[in-house]
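1. the sequence isn't on hand, but the structure is:
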């Protein structure tokens, strides 16, 4: 990645995923959030940071708010902006993960209709995912959530 803000966001992601330091990651995300101007920041930064910040929330309601911010910001992105930052995905490739996370939040909150709607939206976009580790991770998450939301 060539974008310095994206590099910092990745450092916070590594605190969480690489070192299991959720609180430290949350603090770094909050610091970066302030520096980028919050929701008024560059939509790419807002989308990626909010999507990552959602993962370090202890409360599912807060997680949902961050995931909703990420989805809203994704709607303002262009493929050119994503490529300029060195992100190896198209904008369309972001949506399956965004909707997967929203579906899981709604499932945990007991709103199964909204969970299923986001799951459908995630599934409709899986063609934009590559045949790589990220694509496999999202597809596996969709399969798990599909089983959890199955009637019966």
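-> Perfect, I can see it now. None of these values were measured; they are calculated from a predicted model.
2. what packs against the helix or strand hosting residue 47?
-> Here residue 47 sits within helix 43-54, counting by DSSP states H and E. With contacts taken as 3 or more C-beta pairs under 8 Å, 6 or more residues apart in numbering; DSSP states H and E, helix 43-54 sits against helix 4-17, helix 22-36, helix 60-74, helix 79-84, helix 95-108. C-beta here means a position set from N, CA and C on the backbone, and glycine is covered the same way.
3. what's near enough to touch the most centrally placed residue in the chain?
-> Of all residues in the chain, the one closest to the mean position by C-alpha atoms, centre = their mean is residue 51, 3.2 Å from it. Contacts for residue 51 were tallied using C-beta atoms under 8 Å, 6 or more residues apart in numbering; they are 66-67, 70, 94, 97-98, 101.
4. tell me the confidence at it?
-> Listed pLDDT for residue 51 reads 96.
5. how close does it sit to residue 73?
-> Distance check for residue 51 against residue 73: by C-beta to C-beta, to the nearest Å, it reads 9 Å.
6. re earlier: just say which of the helices and strands packed on helix 43-54 is most tucked in.
-> Mean neighbours per residue, mean count of other C-beta atoms under 10 Å, is largest over these for helix 95-108, with a mean of 23.
7. and the angle from that one to helix 60-74?
-> 160 degrees (axes from the mean of the first three to the mean of the last three C-alpha atoms, to 10 degrees).
8. sorry, back to before: residue 43 is nearest to which of the helices and strands packed on helix 43-54?
-> Ranking the helices and strands packed on helix 43-54 by distance to residue 43, with C-beta to C-beta as the measure, places helix 60-74 first at 4.5 Å.
9. go through the chain and flag its longest helix.
-> Longest helix in the chain by number of residues (criterion: DSSP state H): helix 133-149.
10. neighbouring contacts of it?
-> 89, 96-97, 100, 103-104, 107, 112, 115-116, 119, 122-123, 126, 129.
11. switch the cut-off to 7 Å
-> Residues outside helix 133-149 that contact it (C-beta atoms under 7 Å, 6 or more residues apart in numbering) are 96-97, 100, 103-104, 107, 112, 115-116, 119, 122-123, 126, 129.
12. just those residues now: which is nearest residue 23?
-> Nearest member of those to residue 23, counting by C-beta to C-beta, is residue 104, at 21.4 Å.
13. need phi/psi at the residue nearest to residue 63 when sequence neighbours are not counted.
-> With sequence-adjacent residues excluded and distances taken as C-beta to C-beta, 6 or more residues apart in numbering, residue 63 is closest to residue 57, at 4.1 Å. Note on residue 57: its backbone torsions stand at phi -80, psi 140 [degrees, to the nearest 10].
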